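Undergrad: compute the structure for the input listed below.
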Amino acid sequence: MRTMAVVGTGLIGTSVGLAVSRHGVTVHLLDRDETAARTAAALGAGVLAAPDGPVDLAVLAVPPGRLGEVLAEQQLRGLARSYTDVASVKAAPERHALAGLADASSYVGGHPLAGREKSGPLAARADLFEDRSWVLTPSGATSQETLNRALETIALCGAVPVLMDSRAHDGAVALTSHVPHVLASLMAARLQHAPREAARLAGQGLRDVTRIAAGDARLWGDILQSNAAAVAGVLRELQADLSDLLAALGELSAAPAGDGSPALARVVGLLDRGIAGRGAIQGRGGAQAAGPVRLRVALGDRPGELARLLASLADFGVGADDVTPRSAGAGLEVELGVAPVRAEDVLRRLARDGFEAARAERRVLTAALP
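TA: Just a heads-up that it's a prediction; the model follows:
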């Protein structure tokens with residue numbers, strides 16, 4: 001891979017440019033929004049000049065609803081030898097895209113499972129994709145050459161490739177990404193006219209639940225439209241659970257009972273299912289195809305050592321919820337997981353700060369998306 005074009009210089013497109021530029025790839029940035037493109041170039045994601053001839057690969061970082069149009073337009077102008085995209089919905093855009101292509105062999109659908117609640121080129125990061133799954137959905141027409149170029153891009157970005165059927169992908173992300181965003185937005189919408197007292201009592205839990213609601217509303221409207229059937233299916237299941245919960249709470253409010261109340265048992269049962277579901281995701285390393293590296297840190301018995309450890313780990317995004325303390329002789333030992341690409345940096349930081357740390361035996365089972 002020597003040359004690439006990125007069409008669309010928002011968060012994902014600019015992050016792709018930043019990531020591959022580090023490896024000497026010449027990236028050409030194209031965007032109808034001149035300010036966004038200039039911002040991405042100023043960050044070092046690529047150059048604004050159009051390529052003189054076809055680049056090796058064009059990455060289309062546009063909303064799902066525009067993918068078919070943009071792909072056909074860029075192929076007609078001969079922008080690249082191969083094309084991929086980063087849309088979070090695959091089946092419908094892929095179908096529309098392939099219908100308008102003169103050469104379907106040059107296209108493979110793609111979706112990096114990475115992002116932030118912020119949007120635009122200024123939110124981009126070169127390490128955004130490191131150790132994250134990046135789904136490819138090759139069609140029956142996709143050439144091996146095109147697939148290889150997309151795989152090379154994934155490698156340059158430090159991500160982990162996962163090959164999937166486009167429909168299976170859409171069903172999976174409806175559950176793991178699209179519906180969570182809807183729920184975060186619904187909860188955040190309840191706060192719009194909240195009394196001042198409620199705002200003063202807002203804690204970290206509420207911020208965690210509503211964080212992703214800050215995403216671009218127009219982009220998410222396009223995503224939900226493109227994956228409407230799969231999202232609606234998950235929401236119907238949630239609607240059934242919510243109806244049962246409302247009925248149980250109604251019974252409890254009408255006639256509060258003790259621990260043996262059937263209504264209370266239904267409420268607790270739902271909460272237990274939530275705990276089990278979260279544990280299942282953590283046990284599989286989420287949607288990642290590669291699990292975390294487990295590290296073990298000896299703390300001894302000096303007061304304040306755990307707080308000092310957490311301060312050392314803060315730069316790596318590791319907090320109190322990510323560590324597991326265990327008794328070790330007369331002192332304390334902590335185990336934690338970090339991304340493989342950061343393991344050595346974390347070990348060096350801990351050694352610098354005076355901690356005895358080492359890799360632990362891996363205990364986490366990992367699996368790719370189905």
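Undergrad: check which helices and strands the host helix or strand of residue 148 is in contact with.
TA: Assigned by DSSP states H and E, residue 148 belongs to helix 144-156. Here helix 144-156 touches helix 11-21, strand 55-60, strand 80-85, strand 107-112, strand 133-137, strand 160-163, going by 3 or more Cβ pairs under 8 Å, 6 or more residues apart in numbering; DSSP states H and E. Yep, even glycine has a C-beta here, placed from its N, CA and C like the rest.
Undergrad: can you lay out the ones you listed as JSON lines showing distance to residue 207?
TA: Shown next, in JSON lines, are the helices and strands packed on helix 144-156 (distance: least, Cβ to Cβ, whole Å):
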{"stretch": "helix 11-21", "distance to residue 207": "21"}
{"stretch": "strand 55-60", "distance to residue 207": "33"}
{"stretch": "strand 80-85", "distance to residue 207": "32"}
{"stretch": "strand 107-112", "distance to residue 207": "25"}
{"stretch": "strand 133-137", "distance to residue 207": "26"}
{"stretch": "strand 160-163", "distance to residue 207": "29"}
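Undergrad: circling back to that earlier point, how about the helix holding residue 148 as CSV, C-alpha atoms only?
TA: What follows is helix 144-156, C-alpha atoms only, in CSV (Å, rounded to 0.1, in the frame of the first residue of the first chain):
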residue,chain,number,x,y,z
GLN,A,144,-8.9,-11.3,-3.6
GLU,A,145,-6.8,-8.2,-4.5
THR,A,146,-9.5,-5.9,-3.1
LEU,A,147,-9.9,-7.9,0.0
ASN,A,148,-6.1,-8.0,0.5
ARG,A,149,-5.8,-4.2,0.2
ALA,A,150,-8.5,-3.8,2.8
LEU,A,151,-6.8,-6.3,5.1
GLU,A,152,-3.5,-4.4,4.7
THR,A,153,-5.3,-1.1,5.7
ILE,A,154,-6.6,-2.8,8.8
ALA,A,155,-3.1,-4.0,9.7
LEU,A,156,-1.7,-0.5,9.2
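Undergrad: quick one: contacts of that helix?
TA: For helix 144-156, contacts defined as Cβ atoms under 8 Å, 6 or more residues apart in numbering pick out 1, 4, 16, 19-20, 22-23, 25, 56-57, 59, 81-84, 105-108, 110, 112, 129, 134, 136, 138, 160-161.
Undergrad: find the centremost residue of this protein, please.
TA: The centroid of the chain falls nearest to residue 114 when counting by Cα atoms, centre = their mean (3.2 Å).
Undergrad: show me what contacts the residue nearest to that one when sequence neighbours are not counted?
TA: Excluding its sequence neighbours, the residue lying closest to residue 114 (Cβ to Cβ, 6 or more residues apart in numbering) is residue 132, at 4.3 Å. Residue 132 makes contact with 112-114, 159-160, 288, according to Cβ under 8 Å, 6+ apart.
Undergrad: show me which pair in the residues you listed is furthest apart.
TA: The largest distance within the contacts of residue 132, taken as Cβ to Cβ, falls between 112 and 288 and amounts to 12.1 Å.
Undergrad: the more surrounded of those two?
TA: Taking neighbours as other Cβ atoms under 10 Å, residue 112 and residue 288 compare with residue 112 leading, 23 against 20.
Undergrad: compute the distance between the residue nearest to that one when sequence neighbours are not counted and residue 172, please.
TA: In space, and not counting its chain neighbours, residue 112 is closest to residue 134: 4.4 Å by Cβ to Cβ, 6+ apart. When distance is defined by Cβ to Cβ, to the nearest Å, residue 134 is 14 Å away from residue 172.
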